[in-house]
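>>> predicted coordinates and the sequence they were generated for:
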Amino acid sequence: MTDFLAHYHLLGPVIGICTFLIIGLFHPLVIKGEYYFGTGCWKAFLIVGIITLGASVWVADVLWSSLLGVFSFSSFWSIKEVFEQEERVAKGWFPANPRRASKK
């Protein structure tokens, strides 16, 4: 598949579109993760990031290696975003989970 995409000069656009979709996937994951699990879900993002980073180094195909790398660093970035999401909830920009005890 990579040969086909490279031959027709589509590899860059496909990686770009997939990157856009991966980043878009992490936005609701951060919101829902913080809502249901609080900031403790950062550990899951770290584990997923480490695993996919290792996979991106291990995979030889440039398309899949690139997408795994994008997924990995999007996961790492989500760690920061989870803590910022907690601040956004405290400001009232997003709803707080009423079933979770508040830290206040």
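Structure received.

>>> now the strand or helix carrying Q85: mean pLDDT?
Element membership for Q85, per DSSP states H and E: helix 62-90. Summarised as a single mean, pLDDT over helix 62-90 is 97.

>>> and it, what's buried?
63, 65-76, 78-79, 81-82, 85-86, 89 (16 or more other Cβ atoms under 10 Å). C-beta coordinates here come from the backbone N, C-alpha and C atoms, glycine included.

>>> same check, this time on stretch 13-20
So for stretch 13-20, counting by 16+ other Cβ under 10 Å, buried means V14, I15, T19.

>>> find the nearest non-adjacent residue to the last one, please.
On the basis of Cβ to Cβ, 6 or more residues apart in numbering, the spatially nearest residue to T19 that is not a chain neighbour turns out to be V70, at 4.9 Å.

>>> which other helices and strands does the helix holding Q85 contact?
helix 2-7, helix 11-37, helix 42-58 (3 or more Cβ pairs under 8 Å, 6 or more residues apart in numbering; DSSP states H and E).

>>> can you list the neighbours in contact with the shortest one?
In this structure, residues lying in contact with helix 2-7 by Cβ atoms under 8 Å, 6 or more residues apart in numbering are L10, L11, V14, D61, V62, L63.

>>> ok, P28 to V14 distance?
23 Å (Cβ to Cβ, to the nearest Å).

>>> which ones are touching L11?
Counting by Cβ under 8 Å, 6+ apart, L11 has contacts T2, L5, V62, L63.

>>> switch the cut-off to 7 Å
T2, L5, L63 (Cβ atoms under 7 Å, 6 or more residues apart in numbering).

>>> please identify which of those residues is nearest to K32.
Nearest to K32 among these, counting by Cβ to Cβ, is L63 at 28.4 Å.

>>> for F71, see how far away the closest one is.
For L63, the distance to F71 - Cβ to Cβ - is 13 Å.

>>> and what of L46?
Distance from L46 to F71, by Cβ to Cβ: 13 Å.
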